[in-house]
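**Student:** Any chance you could fold what I've pasted below:
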Amino acid sequence: MKLERRPLINRDAIPGVDPRALVGCGTTVDLPAGYVLCRTGEVGRQVFILVEGKASVMTADGLVALIGPGDVTGELSVMYGRPRNADVVCTTDATVRVFTPQEFRSLRHNDPEFAASLDDVLAARAA
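**Tutor:** Next comes the predicted model:
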């Protein structure tokens, strides 16, 4: 995996995120198709926001969702300290913003619009 710094992403790339909140927060990485972002049962140490590309979310029951630019994954394990509940695999080459737990907590705390968008996503998943 080659880490590469990129220009700050814009609001259109990730709805709900104020680009100013991302300064010094997270790392942008280019990943190949087939790269595993999350593996069921592992403890989450990173949160991912897709900037470009697509990924599949799979559980033992099969495909749960296809996610793309602007979607967040891996947050539940980091937020609640639980093992990952799904495998998430890049289905195309992808550009992903990767956050440590501390960076993700800081982003949620410092950007109320992002926090509200994330709460909406979590509520929709629970419904």
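
**Student:** Show me where this structure has its helices.
**Tutor:** For the chain, helices defined by DSSP state H occupy the ranges 75-80, 101-110, 112-126.

**Student:** and the angle from the last one to helix 101-110?
**Tutor:** With axes from the mean of the first three to the mean of the last three CA atoms, to 10 degrees applied, the angle from helix 112-126 to helix 101-110 works out at 110 degrees.

**Student:** beta partners for the residue positioned nearest the centre of the chain?
**Tutor:** For the chain, the residue nearest the mean C-alpha position is residue 48 (2.3 Å; CA atoms, centre = their mean). Partner residues in beta bridges with residue 48: residue 73, residue 98, with DSSP bridges as the criterion.

**Student:** what mean pLDDT would you report for stretch 40-58?
**Tutor:** The pLDDT scores in stretch 40-58 average 93.

**Student:** Now the terminal residues of that stretch, how far apart.
**Tutor:** Start-to-end span of stretch 40-58 (CA to CA, to the nearest Å) is 9 Å.

**Student:** mind listing what's buried in that stretch?
**Tutor:** Residues of stretch 40-58 classed as buried: 44, 46-51, 53-55, 57-58 (neighbour count, 16 or more other CB atoms under 10 Å). C-beta here means a position set from N, CA and C on the backbone, and glycine is covered the same way.

**Student:** what's the residue located most distally from the centre of the chain in contact with, if anything?
**Tutor:** Each residue of the chain has a distance to the centre, and by CA atoms, centre = their mean the biggest one is for residue 61: 21.8 Å. By CB atoms under 8 Å, 6 or more residues apart in numbering, residue 61 lies in contact with nothing.
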